[in-house]
Structures are given as structure tokens and as C-alpha cells.
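Asker: Here is a sequence together with a model predicted from it:
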Amino acid sequence: MTTFAVELQNPSTRSFCGLLRWCHTADWLAKHVVPGAEVIVFTNHVDLVQRECPRARLLPFDGTLSHIVERWQKRNREHTAHASTMDAFRRNVAAHKREPHSRCPSSTLLKWEVINPRHYANLTHNVILYLDSDVDARFVTSLEALRRYDFQGKLAEFAADPHCRLRATPDHMAPVNTGIMLLKPSMSMYREGLALLRTRVFDLETGFNGTGRPMVALNGTVTGKRAQPLVKKARGYWKDTWDFVCGDGDQGLFTAMYMARHQQFCVPKYWDKELRVHHWWGDQKPWYHPITCAPYFRFLEPHGDGHPWSGYHLPNLTRINGVQSCHDYLERMGRGAGRSCQGRTWPLI
């Protein structure tokens, strides 16, 4: 599953052409690794995404969440400060200038849609495997390895854990990196998150609507019987600030909800390379740079990656809003790509 919000004014090939391989890989997972799983993409541009993901179930973002995110985007600067005084407002603006990490497109908050249970009639193990569109679940693993390490059994294990509703990995900045997540849907959690966003209040010191300083607010997650010590290594925690990557976006929201408000977060238990995915970090994406990572483009060949795509029908080479299909674009890039690959491997479950 992924979310993909397209900027309709400028649907750049750079931004969405990772979807083609992502959907190939998601179909492979659903057919061979977790039979019966469903590939879902939440999007605001069904026509464009359908062309690249012909087998996925495409769902629009919920109207209520979309409206809240639009209001969040338009909120005035005074609402970003928890305190109401002008002095506090000026300090908050100054802090943003010194530590500008937290600024994130408000569209990332649309990722909250993935925990809304009304979308899922038949969840495998009642678990959502969420992967950003720049995450490749096949680049560093194989079907044989996933079977050998009992990937399905580990999904069932997570589903049965009553103490964890979100399993993900902290990174050097954020207490939770939301690019790779295992989640359980929850209507109560979903509605509580909507209520939090409705306040339109975010502060670098106390986060969303006065959640609290991270070292205090996240204390229940990093201590106790089910402590998650890796959270302490995230800049947001040890610097005691919500000024981390997407602190005012999806990563801050998931941190606030699953760590501060509810201690229902856990990190992956299995760090084997065979159970990892590849995260094309930041701008280190093969479809951004035509001279990198020839292995990435092999899926375009009839027997790419050494495995046939089982008759996968490539999308028609048509244009939507003046943007051509990704297949031609990636083929051109792949012909000139070098061997060096960027990004990093990342724990999956």
C-alpha cells in the first residue's frame, strides 16, 4: 500500500515515475509472497496513477481528511505557535529559521488515511504493509528468502501483538520514519488524529496542539518493559525538539499519536538483509538521475531480475495532462544508467 498525492498543476515525470516499478513489485508481493493481499494506492489523481498501476485498487483520500489538510496548509502563522503572545510567535519563527527541518508539505498528512478501517473489507492478518513509492520491496531480497524467513508468519506475529499498532524504524532525524510501516487499522485512532489536526496548532517545542517536549512526551515509549531505545538516537528526541524531518507533517503526526498519546509503537524485530527493503532516500532515486543504478531498470526487460513478470501488461503510452507514460521515460534513462546505486537498505518487519 502507498499514498500518492499528485500536484495537478505540475505532474512532473520526476515525481511519479517510481510508481511503475513500485506497482510491479507490489503485484509480485501480492501474488507470490502474501497470496490474497491487496495492492492499494490512495491518490488524488486516479487516471494518472491507474495508468502506471493497472492492477491496484485506487482509492481517493477521505473528504474530511482532505478538507482538514487543506485548512492545515492555509493556517496563519499565529496558529503554529502554542503560546498566543507575539513574543512567543517571534521566537517560534526565529527557531524555524535556525532549525528548518520540520517544514514538510501538508500533503504528507494525507498518509493518515491508511489507518482508516472503512477501506478494508478483507485484510490479510488484519495488517497493513505501507511502503512509500520510493521504497523497493524486491531490490535486496527474493521470494526464496522471504519464504525461508517465514514472512507471512511474522506478519501474523505482529497482528497478534496487543501492545503494538505501528511497527517502524526511527532514523537519524525522526522518531519514526513513515516510509516503511506495519500498521493495524483503527477507527478510534483515526478519529483522534483528525481531531488533533483540526486544531491547526503546531509548535517546535511542544509539537501538535501542545503534545509536549519529546523527552517527556515520548518517555513512555523509550522506557519501561517494552522500551524502544532506538528512538533515543533520533535527533527529535535527543535534541528535545519537534524540529525533525516532517515534524509538522506525517512523521510528527505518527510520532505524536503512536508514541506520545498512545504507547503502541515498536521497532522491527528482524534486521536480516533478506528481510529488508531498499529506500531510495531523498533525491537519490534512479528515475531522477539517468546515470545511476542500471539494475533498477531491469524490470522493464522480458525476464527482468531473473523472474518473468507473468504477463504483466505494461500501461499504454498515452499522455495525461501532457505527461507521457513512465515506461518510455524509464527505458530511455535505463539505457544510459551506470552501475552505482544510491539509497539504503531498511528493516522491513
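Answerer: Here it is on my side, so go on. Numbering: from 1, shown residues only.
Asker: Send over stretch 166-178 as PDB, restricted to the C-alpha atoms.
Answerer: C-alpha atoms of stretch 166-178 as PDB (Å, rounded to 0.1, in the frame of the first residue of the first chain):
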ATOM      1  CA  LEU A 166       2.700   0.600  14.500                       C
ATOM      2  CA  ARG A 167       6.000  -1.100  13.800                       C
ATOM      3  CA  ALA A 168       8.500   1.100  12.000                       C
ATOM      4  CA  THR A 169      12.100   2.300  12.400                       C
ATOM      5  CA  PRO A 170      13.400   5.600  13.800                       C
ATOM      6  CA  ASP A 171      16.000   7.300  11.600                       C
ATOM      7  CA  HIS A 172      18.700   9.800  12.400                       C
ATOM      8  CA  MET A 173      16.200  12.700  12.500                       C
ATOM      9  CA  ALA A 174      12.600  11.400  13.200                       C
ATOM     10  CA  PRO A 175      11.500   9.100  15.900                       C
ATOM     11  CA  VAL A 176       9.500   7.200  13.200                       C
ATOM     12  CA  ASN A 177      10.400   7.000   9.500                       C
ATOM     13  CA  THR A 178       7.000   6.600   7.900                       C
END
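Asker: what residues does it touch?
Answerer: 101, 111, 130, 132, 158, 180-184, 214, 218, 221, 228, 230-231, 233-237, 244-247, 250-252, 254-255, 258-259, 264-268, 346-347, 349 (Cβ atoms under 8 Å, 6 or more residues apart in numbering). Just so you know, the C-beta spots here come from the backbone N, C-alpha and C atoms, and that holds for glycine as well.
Asker: quick one: buried residues of it?
Answerer: 166-171, 173-178 (16 or more other Cβ atoms under 10 Å).
Asker: out of those, what pair is the most spread apart?
Answerer: Greatest spatial distance in the buried residues of stretch 166-178: Arg167 and Met173, 19.0 Å, computed using Cβ to Cβ.
Asker: how about JSON lines for the buried residues of stretch 166-178, with secondary structure, pLDDT and distance to Leu143 added?
Answerer: Output for the buried residues of stretch 166-178, formatted as JSON lines (DSSP: H, G, I helix; E, B strand; the rest coil; pLDDT from 0 to 100; distance: Cβ to Cβ, whole Å):
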{"residue": "Leu166", "secondary structure": "strand", "pLDDT": "97", "distance to Leu143": "27"}
{"residue": "Arg167", "secondary structure": "strand", "pLDDT": "96", "distance to Leu143": "22"}
{"residue": "Ala168", "secondary structure": "strand", "pLDDT": "96", "distance to Leu143": "24"}
{"residue": "Thr169", "secondary structure": "strand", "pLDDT": "96", "distance to Leu143": "23"}
{"residue": "Pro170", "secondary structure": "coil", "pLDDT": "96", "distance to Leu143": "29"}
{"residue": "Asp171", "secondary structure": "coil", "pLDDT": "94", "distance to Leu143": "28"}
{"residue": "Met173", "secondary structure": "coil", "pLDDT": "94", "distance to Leu143": "33"}
{"residue": "Ala174", "secondary structure": "coil", "pLDDT": "96", "distance to Leu143": "31"}
{"residue": "Pro175", "secondary structure": "coil", "pLDDT": "97", "distance to Leu143": "33"}
{"residue": "Val176", "secondary structure": "coil", "pLDDT": "96", "distance to Leu143": "29"}
{"residue": "Asn177", "secondary structure": "strand", "pLDDT": "95", "distance to Leu143": "26"}
{"residue": "Thr178", "secondary structure": "strand", "pLDDT": "95", "distance to Leu143": "26"}
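Asker: Format those residues as a markdown table; extra columns: distance to Leu59.
Answerer: Formatted as a markdown table, these follow (distance: Cβ to Cβ, whole Å):
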| residue | distance to Leu59 |
| --- | --- |
| Leu166 | 20 |
| Arg167 | 23 |
| Ala168 | 22 |
| Thr169 | 26 |
| Pro170 | 29 |
| Asp171 | 28 |
| Met173 | 30 |
| Ala174 | 26 |
| Pro175 | 28 |
| Val176 | 23 |
| Asn177 | 24 |
| Thr178 | 18 |
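Asker: Pick the one among those residues closest to Arg198.
Answerer: The closest of the buried residues of stretch 166-178, once distances to Arg198 are taken by Cβ to Cβ, is Thr178, at 20.6 Å.
Asker: Quick check: the closest one vs Asn122, distance?
Answerer: Distance, Thr178 to Asn122, by Cβ to Cβ, to the nearest Å: 25 Å.
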